[in-house]
Every structure is written in structure tokens, then in C-alpha cells.
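In: coordinates only, sequence not included:
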Ligand SMILES: C[S@@+](CC[C@H](N)C(=O)[O-])C[C@H]1O[C@@H](n2cnc3c(N)ncnc32)[C@H](O)[C@@H]1O
């Protein structure tokens, strides 16, 4: 079954261009990735937020899902490492949105053991530098028995585009591993990390999801694959050549003028059981 990415079912963040050095652009996100928060609905369901609860949204982006959460519980704190995204979240109406890197959460005042749940959609796979440190920050943020519910890119996520980008960089003499920003674990790996850091895993599964894009492959790379283009900073022609090359090799994945990518999500629910060593 193909999951259709709705083209315009989320609010726009207006006309302000939030593009910054951090490479996340809320405008590109709305244009090319509006399906991300829309397809986050099942994760919200798994979270099952209650009206009295305090919830932390980790990697909130421009706050579209945060606003949904705000309707369901008492308070939501949205955190994201991108100032552009947090500016957009505030502009979109989020009540408490702050620039915090997930890796720094463990030593941050936000991690104060007051949250009933930590929620995260489509963000944890970007926290590649030290995923266990991120989990430790989540653990510190939660009350005893608090829940950590999330969905992230899992094993073999977007493999066709990722392979194309690796090949394009290798061809140009660059080591793609050095630029690949993603951590796409399988359920065994992430379960082990959760259990090693004070969580009991209630459920964890890989969910393959063929996803129709609201853009083409080049637009997708421009929005999400920017890290691979870093060696070509200032050389827009070469960047375009890479995007065209990867898209050209994926011509087969276009059907009736619509582009699709095979997403594989890792969806989980875990409960805080002990104090971690973090
Ligand atoms: C694909 S967006 C998902 C946003 C939102 N959760 C949604 O469902 O629409 C990924 C988000 O992760 C954020 N992110 C990436 N690395 C991060 C980090 N180290 N700490 C916190 N947020 C991070 C990005 O800035 C971006 O807003």
C-alpha cells in the first residue's frame, strides 16, 4: 500500500524565510515535507496523551504536531536544535518552544523529571552523534513510569536515495560516511539502547511505508539530504548535478508523474523503570 503525502493539509508558517546556517528551512519543510507531521498521527495515537499531562516534544520541527499535542494535554514543551524551526513553531502558535539540542538535554534544565511523556516524530534519526546520550536525556526528563513514545527512520529507511547519494559522493572523491547524517537502527539495536538506559520496552517495530512525495527526488534531497551536499558548498551547479543524477537513477520509482520513496519507520513505546547512570 502506498501512503499518500497530503500536499497542503498542514498550516503554513507564513512568508518569513527561516533559512539559516543550520540548513533547516521551515519554508522548504512546508513545501516539500508537509507529509511528515501528517503521517505522525499513529504515533500520537500510541502516545495517547491525557488532559492532565505534561509532555516534551523532542525534535518538534515547525510545531505542527506539537499544536495537535497541545489540544490533548495540559502543557507541551517543544525542543529542537534548529533556531529556524523553533522560530516557525513559535510563529505557528506553540506556547513553549526552545532551541535545545537533543544531545544536550541530559545536562539541561528542561530534563527535570517533570514530564509524563516524551514524544518524538521523525527526529531521533538525526541525533546520530550519540543516540544513547539522547535517550539518557529523555530518561532524566521523565517522571518515574513516564513513557517515551516515538517514531524515527529505521533500518533500510530511504535506502534507494541514500545509496544514490553515497554513489554520487564516492564518484566525486568524497567519503559519504563522513557526510551521512542519519542513524537508522533496527528494533534489536534500539531496544538494547533503551534497555541499557533505564527503559522497559513495551513495543518496538519496523514499519515499511511507501510514501508518495509532494515534490520530486531533487526537492526531497534539497529538504532532507543537505548534509550530503556540504562538500559542494558554494557550487550550486555541482549540487544540482548530484540531485539530478540521483533522481535520474530513480526514474523507475516515478509512477503517473508521482515520485515515491520507501520509508521504513521504527515506532516504539518505552517506560522509564529505573534511574539511569546519566
Ligand atoms: C523531519 S523534522 C520532524 C519535525 C517534527 N517532529 C514533525 O513531525 O514534523 C526533524 C527535526 O529534527 C530536528 N533535529 C535534528 N537534529 C536534532 C538534534 N540534535 N536535536 C534536536 N532536534 C534535532 C530538526 O531540526 C528538525 O526540526
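Out: Looks like it came in fine. Predicted model, so just to flag it, every value in this text is computed and none were measured. Numbering: from 1, shown residues only.
In: Next, work out how far apart residue 105 and residue 219 are.
Out: Per CB to CB, to the nearest Å, residue 105 is found 31 Å from residue 219. Using the backbone N, CA and C atoms, a C-beta is placed for each residue, glycine as well.
In: err, residue 166, not the other one
Out: Taking CB to CB, one finds residue 166 at 20 Å from residue 219.
In: Same question for residue 176.
Out: From residue 176 to residue 219 the distance is 21 Å (CB to CB).
In: May I ask which helix or strand encompasses residue 189?
Out: Element membership for residue 189 (DSSP states H and E) is helix 187-196.
In: which element follows that helix toward the C-terminus?
Out: Downstream of helix 187-196, the first helix or strand assigned by DSSP H and E is strand 199-212.
In: And that following strand, what does it pack against?
Out: Counting contacts by 3 or more CB pairs under 8 Å, 6 or more residues apart in numbering; DSSP states H and E, strand 199-212 packs against strand 2-3, helix 187-196, strand 258-272.
In: Now do it and strand 258-272, the angle between them.
Out: Relative orientation of strand 199-212 with respect to strand 258-272: 170 degrees, computed using axes from the mean of the first three to the mean of the last three CA atoms, to 10 degrees.
In: going forward can the numbers begin at 35, since that is how I track them
Out: Taking 35 as the first residue, the last one we looked at is strand 233-246.
In: Measure how the helix or strand following strand 233-246 sits relative to strand 233-246, angle-wise.
Out: Per DSSP H and E, strand 233-246 leads on to helix 251-258 as the next helix or strand towards the C-terminus. Going by the same axes, to 10 degrees, helix 251-258 is angled at 150 degrees with respect to strand 233-246.
In: Now do the same for the closest residue to the ligand within the stretch 35-184 of the chain: helix, strand or coil?
Out: At 2.5 Å from the ligand, residue 95 is the closest residue in the stretch 35-184 of the chain, using CB to the nearest ligand atom. For residue 95, the assignment made with DSSP: H, G, I helix; E, B strand; the rest coil gives coil.
In: what about the nearest residue to it once chain neighbours are set aside, distance to residue 147?
Out: Of all residues not flanking residue 95 in the chain, residue 119 sits nearest, at 5.0 Å (CB to CB, 6 or more residues apart in numbering). Distance of residue 119 to residue 147, given as CB to CB: 26 Å.
In: ok so, going back, any chance of the helices and strands packed on strand 233-246 in a markdown table, plus mean pLDDT and mean neighbour count?
Out: Output for the helices and strands packed on strand 233-246, formatted as a markdown table (pLDDT from 0 to 100; neighbours: other CB atoms under 10 Å):
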| stretch | mean pLDDT | mean neighbour count |
| --- | --- | --- |
| strand 36-37 | 56 | 12 |
| helix 221-230 | 98 | 16 |
| strand 292-306 | 97 | 21 |
